[in-house]
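Participant: just need the structure, nothing else, for what follows:
(2 chains)
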2 protein chains.
Amino acid sequence: MSIHTLLQTRRDGRTHSREEIEELVRGAVDGTIKDYQLSAWLMAAYLNPLSPEETALLTVAMANSGETLDLSSLPKPRLDKHSTGGVGDKTSIALLPILASCGVTIVKMSGRGLGITGGTIDKLSAIPGFRLDFSPDQLIEQAGRIGIALSGQTPLLAPADKVLYALRDATETVESIPLIVSSILSKKMAVGADTIVLDVKCGSGAFMKDIDDARRLAQELRRIASLVGLRSRIALSDMSVPLGKKVGNSLELQEAFDTLCGADTGRFRQLCIRLSGMALEACELVCSRSEGEKMALDAIESGKARQKAEQWIEAQGGNPAVVRNFALLPRSKYEKTIRSPHSGWIQSIDAQTIGEVAIDLGAGRKVKEDLLDLGAGLVFAVEPGDRIRQGEPLVTLYADSESKIAGVEERLIEAIRFSETPITPNPLLIDVI
Amino acid sequence: MSIHTLLQTRRDGRTHSREEIEELVRGAVDGTIKDYQLSAWLMAAYLNPLSPEETALLTVAMANSGETLDLSSLPKPRLDKHSTGGVGDKTSIALLPILASCGVTIVKMSGRGLGITGGTIDKLSAIPGFRLDFSPDQLIEQAGRIGIALSGQTPLLAPADKVLYALRDATETVESIPLIVSSILSKKMAVGADTIVLDVKCGSGAFMKDIDDARRLAQELRRIASLVGLRSRIALSDMSVPLGKKVGNSLELQEAFDTLCGADTGRFRQLCIRLSGMALEACELVCSRSEGEKMALDAIESGKARQKAEQWIEAQGGNPAVVRNFALLPRSKYEKTIRSPHSGWIQSIDAQTIGEVAIDLGAGRKVKEDLLDLGAGLVFAVEPGDRIRQGEPLVTLYADSESKIAGVEERLIEAIRFSETPITPNPLLIDVI
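Facilitator: Numbers count the residues shown, from 1 in each chain, chains lettered A, B, ... in the order given. Predicted structure coming up:
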């Protein structure tokens, strides 16, 4: 078999054999298939999408293309959680301790953020001393001991996905559902969990802007997960507005910790409980999502979830006191509170604009070499559906210079829509697939 | 504008602007567009073919991407001739002197052969002393003096086509009619002729195997030539059987020279006269193809065509005596005549097999680094439609070793079909577009 056969097959919309897919993945990693041939294949795969069976084969081949974790020594259920990312998405930081405190074992490798999508790794790196450079053996040891372990992604994990993703990014072939699915699931497979909970975000602040596309992605994730032997639940959740009231690395940690400490953080807390219910049901620790939600609520209210978060942070070298003392977290030098120009109800806050504003304030990266200001970001006083009067505090901005704050104010105000009549915001959790 | 816009436009099947096409071509030449991005664009262009207007824009941009010849000082009509190539296709070598002797000015740059398709440059290099390394100025000077000049292709001519062609070859995106058309016509435009005659070969020994594909290519060549301001005539000719009775570099020269000297070389001579008639009509030196054919026949029978060939060979540094004295041409060390295993009529001779046999005898290249045995090849005693009796000479093989000859005999015989009843072979010239 040759790359020419591979290219012809994809180009002509025929079906790849297992050998062809394995050859593609091997060639991508060892360089025997040139990048210009891989990118031609990717464009052909974009225009003649892979079948579910081909997608499953690609997922498995990419998962096996590098290092894999063997979690068989850890207690079941072994869960992994992934979000397609969005503005203000700090869900993992709250969810992992909640689930671990309910008896789930979680080993997770997270990525850094790029563009308007924040990265869990970036947020956690705002905790002084928190280490993210664990070896597979260290991750497994820690997860066995406390039920939870998280690190940055090793480049040895699913290296084929890294090669293909970089080329997709350079050749406008990212947005192919089978390629997205195999990229996400191959990394989950390599980490070795048996159950996965995926949160597919949809809206202006997410990779998927359109609900129909997002639903198709969710359905395909579920289908391919099943083909490769993973139990899964896929949430379809709203990202037309930022998730929660806080956006920015240190600020989002605070919102997650507040939630773990039992504070009513509004829509963000609701989503955490819904996703926890879904995960606990997927892990078969409960018989229904509502039973799982009750278990998650108990974990928060009993203090078990917070204690698990403290145990986790301590195990990874961080100061566990940050969970209750935000003065230990990075804080930007300048802040400014903007007051509401109108009276009424918050109808919407455009997530994409807020994501861009957060980048400009220093909370995110435009290119992967950018340095972050971990304290920078926004804190909204309100969220969609809330009532506000003219002149009341609307949002506070944090940055390391006054000019950065001044540079975003106008755009920020324009991103917020007010209604003169009461609004019932759309639910954050749109569907579970 | 960015490569990302270019890729999105092609991927989504929308229409490129002139600026986008020019940016693509500029980026291909100066390296600002990476090869993996170009190949993704090529696959998208294969699957979402360029419109005629886009193809014309690409043709012009590629023609202007490097050196161009200015033929304005030369007498009109200024013709260029191109064949898509095939087995035994020595047409240019006969056609150029015929047309030049009729008053046409011809400046031509030819390529080397690869695979079963022989190259005009390779055939002419069998003439001792024949130079093929002329500068544009030298070509123009010679064409002004004797009406005919030919050289190998300079890498400075249409360099964008070279970059894109190499990538197409590596990524299974060669067979896209708009890409083929722009590749052919861009090189013709860069050479500066105002009239072009193209011979699209069709059949097992040609790039285009299928008559419908070949006809579509011919029609598209005519259409795009017109859009870029070139007068054109496109021949659709048969390549299911080898062209003429001789295959191999020195051997094909002999068949072309025999034709120029007025010998009846059968179907090859007929095609030369038909194509000449077409070219002379395209150049408006005559009012109809049949009048052109008569002019070509006169040129041969009067000796003018042969004299022009001698003048041409002398001008390019070769020994003009080769036209009448084949002992001056390279000859392989070994020859073997195979006799007919059957009595009957020659029904067909598979061109692709003969092309492969010729390569194995040393007359062609499998890879571009292969050295040629200029004397190697085949001489058929008969062609389709001819009658033969068992035991009569059928074909003579030439090579530099007996083992090469022994290695091809069986395949060669299998490539020839005999009929027990008389056969009227299909005409070589299928259509003129």
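
Participant: low pLDDT regions in chain A?
Facilitator: A:1, A:114 (pLDDT under 70).

Participant: backbone phi and psi for the residue nearest in space to the middle of chain A, please?
Facilitator: Centroid-nearest residue in chain A: A:Ser83, 3.1 Å away (criterion: C-alpha atoms, centre = their mean). When read as degrees, to the nearest 10, the backbone of A:Ser83 gives phi -120, psi 140.

Participant: wait, A:Pro427 touches A:Ser240, no?
Facilitator: No: judged on C-beta atoms under 8 Å, A:Pro427 makes no contact with A:Ser240 at a distance of 11.8 Å. From N, CA and C alone the C-beta is placed, and that goes for glycine too.

Participant: which one is the residue nearest to the centre of chain A nearest to, not counting chain neighbours?
Facilitator: A:Asp199 (4.1 Å; C-beta to C-beta, 6 or more residues apart in numbering or on different chains).

Participant: what's the host helix or strand of the one you found packed up against?
Facilitator: Under the criterion of DSSP states H and E, A:Asp199 resides in strand A:195-202. With contacts defined as 3 or more C-beta pairs under 8 Å, 6 or more residues apart in numbering or on different chains; DSSP states H and E, strand A:195-202 has these neighbours: strand A:78-83, helix A:177-191, helix A:211-227, strand A:231-238, helix A:267-282.

Participant: which outside residues touch the shortest one?
Facilitator: The contact list for strand A:78-83 (C-beta atoms under 8 Å, 6 or more residues apart in numbering or on different chains) reads A:71, A:89, A:91-92, A:95-96, A:99, A:104-108, A:184, A:188, A:191-199, A:201, A:279, A:282-283.

Participant: what do you get for the longest one?
Facilitator: Outside of helix A:211-227, the residues within contact range by C-beta under 8 Å, 6+ apart are A:52-53, A:55-56, A:59, A:84, A:177-178, A:180-182, A:184-185, A:196, A:198, A:200-202, A:206, A:208, A:231-236, A:430-431, A:433.

Participant: could you flag which of the residues you listed are buried?
Facilitator: A:55-56, A:59, A:84, A:177-178, A:180-182, A:184-185, A:196, A:198, A:200-202, A:206, A:208, A:231-236, A:430, A:433 (16 or more other C-beta atoms under 10 Å in any protein chain shown).

Participant: that older thread, the strand holding A:Asp199 to strand A:231-238, inter-axis angle?
Facilitator: Compare the direction of strand A:195-202 with that of strand A:231-238 by axes from the mean of the first three to the mean of the last three C-alpha atoms, to 10 degrees and you get 20 degrees.

Participant: how about the CA coordinates for strand A:195-202, as CSV?
Facilitator: What follows is strand A:195-202 as a C-alpha-only set of coordinates in CSV (Å, rounded to 0.1, in the frame of the first residue of the first chain):
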residue,chain,number,x,y,z
THR,A,195,-16.1,6.3,30.6
ILE,A,196,-16.0,9.7,29.2
VAL,A,197,-18.2,12.8,29.7
LEU,A,198,-17.9,15.3,26.9
ASP,A,199,-19.3,18.8,26.9
VAL,A,200,-19.9,20.1,23.4
LYS,A,201,-20.3,23.9,23.6
CYS,A,202,-22.4,25.7,21.0
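
Participant: quick one, that strand and helix A:211-227 angle?
Facilitator: Between strand A:195-202 and helix A:211-227, the angle comes out at 170 degrees (the same axes, to 10 degrees).

Participant: which SS class is the nearest residue to A:Ile148 once chain neighbours are set aside?
Facilitator: Spatially, and ignoring its direct neighbours in sequence, A:Ile148 is nearest to A:Ala100 (4.0 Å; C-beta to C-beta, 6+ apart). What DSSP: H, G, I helix; E, B strand; the rest coil gives for A:Ala100 is helix.

Participant: quick one, what contacts A:Ala100?
Facilitator: Applying C-beta under 8 Å, 6+ apart, the residues near A:Ala100 are A:Ile106, A:Ile146, A:Gly147, A:Ile148, A:Lys308, A:Trp312.

Participant: secondary structure and neighbour count added to those, as a markdown table?
Facilitator: Compiled in a markdown table, the contacts of A:Ala100 are given as follows (DSSP: H, G, I helix; E, B strand; the rest coil; neighbours: other C-beta atoms under 10 Å in any protein chain shown):
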| residue | secondary structure | neighbour count |
| --- | --- | --- |
| A:Ile106 | strand | 24 |
| A:Ile146 | helix | 17 |
| A:Gly147 | coil | 23 |
| A:Ile148 | strand | 25 |
| A:Lys308 | helix | 22 |
| A:Trp312 | helix | 26 |
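
Participant: and of those, the nearest to B:Leu157?
Facilitator: B:Leu157 lies nearest to A:Ile106 out of the contacts of A:Ala100, by C-beta to C-beta, at 62.3 Å.

Participant: ok, that closest one - contacts?
Facilitator: Contact partners of A:Ile106, counting by C-beta under 8 Å, 6+ apart, are A:78-81, A:96, A:99-100, A:143, A:147-150, A:193.

Participant: go again using 7 Å as the cut-off
Facilitator: A:Leu79, A:Asp80, A:Leu96, A:Leu99, A:Ala100, A:Ala143, A:Gly147, A:Ile148 (C-beta atoms under 7 Å, 6 or more residues apart in numbering or on different chains).

Participant: A:Ser92 contacts A:Ile121, correct?
Facilitator: No: judged on C-beta atoms under 7 Å, A:Ser92 makes no contact with A:Ile121 at a distance of 10.0 Å.

Participant: can you report how many residues lie near A:Asp89?
Facilitator: Close neighbours of A:Asp89, defined as other C-beta atoms under 10 Å in any protein chain shown, add up to 30.

Participant: with adjacent residues omitted, what lies nearest to it?
Facilitator: Per C-beta to C-beta, 6+ apart, closest to A:Asp89 is A:Leu243, 5.0 Å.
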